[in-house]
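>>> Here is the input, now give the coordinates:
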Amino acid sequence: MGNTKSLTSALLAVAALAVTGCSGGGAPSTETATAPADPGKATGSITVLTQRTDLVQSGAMDAYASEFNKVYPKVKVKFEGLTDYEGEVKIRMNTENYGDVLMIPASVAKNDYPKFFAPLGTSIKMADRYRFSDKSAVDNKVYGIAQFGTANGFVYNKALWKKAGITAWPTTPDEFLAGLEAIKTKTGATPYYTNFKDGWPLVQWTTNIGSVTCDENATNKLAGPSSPWKQGSELQVIDTLLHDIVKRKLSEKDPSTTNWEASKTKLAKGEIGSMMVGSWSITQMQDAAEKAGRNPADIGYMPLPVLKGDGHCATLVSDYQQAVNVHSEDKEAARAWIDWFTEKSGYSAEEGAVPTLKSAPMPSTLKDFVDNDVTFTERSETDTGKVNDIDNAAEIGLNKPDYRQKLIDIARGAQRGSLDDYFTELNKRWDEAAKSVGS
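Below is the predicted model of the structure:
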């Protein structure tokens, strides 16, 4: 993954909807990994696996370790940055050698967590302190603590939207589309960029499930023959908006040639109006603006154009969750690292991300959301396993780009069909799968 934190977050914002299973592992873990009572006496040597190869190469991770050692002087921390994190860790998990601390791969079935990871505490106790704890909870035990979370919506160029005459957030899909039309007509810029070719950004639309109804149980409600694309549903509203953007020619001319890295600079320079990506992207866009000689303050973030009552809602979802290898011989030291990194390192603030620690404030990157009273909805993942089973059986892939790529192809006329027919097909596949897996 290199320095593309984007891929990490795209994968993780919907890792709750991914499950293909891993072989290997041992018997379920019963020994809770707890941090040592006396940091000064704690000892051990731990290996931390990370997808952030950029931070390993830059020395930033070593800097974090140095700060950690001021509290835990006798614990040695080593980092392994993995470029293809998901692929490499999946292979290593067929053995017992997959680090002492690692980010839980999306390929591990939630119900299999006890085979690979040591429990970190009870669900009730962990939920009192941390956001996103139910994402990794199995049988009332939590197996992972999020590095941070992300809010969901559109990153956009404020200056470009203002140039088109739009200064307030759209409150309906029609208002959003009208805004894109104004950008196209008055500025000549590309109003919206799908990032079709890279694929993973299309998955970002899934992370908004819950934003339409402001319902923390929106994902859980998919755990059955629920016809997820029926009129007025979360996915019907979300996917209709994407379809209509493309149908009205408000996105790039040739989606097969999109480029994520290039799109950051184009949005920063006002050549692109908006993109659907998590709030983790804000700092990347600001960096791109600075490098392009533009004003980082031009980068804004807006919620999905739907109101619940008088205001907007935005889902909060977890990024990668750090876990302790069930086979680690230094579980106390490993847990000490996770606790310190989560609560004391300042990592989430540096990344402009939603803090896992409930008592910590929202990042400055989401100031507009806080100032405009956007309701943050922490999406429950209690029934993730059931939803995963249905999604896999239906072969739709809420966490994969394929079905939305087809949606875009239908919208631009590259494939035959209509939006209504496609939704009917998806509902049928989902409901039949739900019945087949006994949900």
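>>> For residue 281, which non-adjacent residue is closest in space?
Nearest non-adjacent residue to residue 281, counting by C-beta to C-beta, 6 or more residues apart in numbering: residue 155, 4.9 Å away. In short, each C-beta sits where N, CA and C put it, glycine included.
>>> beta partners for the one you found?
Here residue 155 sits in beta bridges with residue 275, residue 301, going by DSSP bridges.
>>> Now do it, the pLDDT please.
Confidence at residue 155, expressed as pLDDT, is 98.
>>> Could you report the separation of it from residue 392?
Note on residue 155: its distance to residue 392, by C-beta to C-beta, to the nearest Å, is 30 Å.
>>> Looking at the two, which one has more neighbours?
residue 155 (25 against 17; other C-beta atoms under 10 Å).
>>> Spit out the contact partners of that one.
267, 274-275, 277, 279, 281-282, 285, 299-301 (C-beta atoms under 8 Å, 6 or more residues apart in numbering).
>>> Show me which pair in these is furthest apart.
Pairwise distances across those peak at 14.5 Å for 267 and 279 (criterion: C-beta to C-beta).
>>> Residues in contact with the biggest helix by length in the chain: which ones?
In the chain, assigned by DSSP state H, the helix with the most residues is helix 419-436. The contact list for helix 419-436 (C-beta under 8 Å, 6+ apart) reads 222-230, 236, 239-240, 243, 390-391, 393-396, 403, 406-407, 410-411.
>>> Tell me what residue 377 is bridged to.
Counting by DSSP bridges, residue 377 is bridged to residue 315.
>>> From residue 308, how far off is it?
Residue 377 is 9 Å from residue 308, where distance means C-beta to C-beta.
>>> and the closest residue to residue 45 other than its chain neighbours, backbone torsions?
With sequence-adjacent residues excluded and distances taken as C-beta to C-beta, 6+ apart, residue 45 is closest to residue 76, at 4.3 Å. Per-residue torsions, residue 76: phi -90, psi 130 (degrees, to the nearest 10).
>>> buried set for the longest helix of the chain?
419, 422-423, 426-427, 429-431, 433-434 (16 or more other C-beta atoms under 10 Å).
>>> cool, stretch 172-181 as well?
So, applying 16+ other C-beta under 10 Å, buried residues of stretch 172-181: 173, 176-177, 179-180.
>>> do the same with stretch 147-165
147-161, 163-164.
>>> And for stretch 55-65?
By neighbour count on 16+ other C-beta under 10 Å, the buried set for stretch 55-65 is 55-56, 61, 64-65.
>>> Considering only helices and strands, which part of the protein has the lowest mean pLDDT?
helix 5-13 (a mean of 43; mean pLDDT, DSSP states H and E).
>>> ok, of the contacts of helix 419-436, which come out buried?
Taking 16+ other C-beta under 10 Å as the criterion, what is buried in these is 222-229, 236, 239-240, 243, 390-391, 393-394, 396, 403, 406-407, 410-411.
>>> Now, the residues you listed that are in helices?
Among the buried ones among the contacts of helix 419-436, the members falling in helices (DSSP H) are 236, 239-240, 243, 390-391, 393-394, 403, 406-407, 410-411.
>>> and residue 407, what is it in contact with?
Contacts of residue 407 (C-beta under 8 Å, 6+ apart): 239, 242-243, 419, 422.
>>> so can I have a markdown table of those residues showing distance to residue 361?
Formatted as a markdown table, the contacts of residue 407 follow (distance: C-beta to C-beta, whole Å):
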| residue | distance to residue 361 |
| --- | --- |
| 239 | 34 |
| 242 | 32 |
| 243 | 37 |
| 419 | 41 |
| 422 | 42 |
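>>> which of these sit farthest apart?
Maximum distance among those (C-beta to C-beta): 11.9 Å, for 242 and 422.
>>> Touching, residue 365 and residue 301? I think so.
Yes - using C-beta atoms under 8 Å, residue 365 makes contact with residue 301 at a distance of 7.1 Å.
>>> any common contacting residues for these two?
Common neighbours of residue 365 and residue 301 (C-beta under 8 Å, 6+ apart) are 279, 282.
>>> Tell me which of the two has more neighbours.
When residue 365 and residue 301 are compared for neighbours, residue 301 comes out ahead with 27 against 23, by other C-beta under 10 Å.
>>> sorry, back to before: distance of the residue nearest to residue 45 from residue 186?
In terms of C-beta to C-beta, residue 76 sits 59 Å off from residue 186.
>>> Same check on residue 107?
Applying C-beta to C-beta to residue 107 and residue 186 gives a distance of 46 Å.
>>> Who has more neighbours out of the two?
residue 107 (16 against 13).
>>> tell me the SS of that one?
Of the three states, residue 107 takes coil under DSSP: H, G, I helix; E, B strand; the rest coil.
>>> doesn't residue 88 make contact with it?
No - applying C-beta under 8 Å, one finds residue 107 not in contact with residue 88, separated by 11.2 Å.
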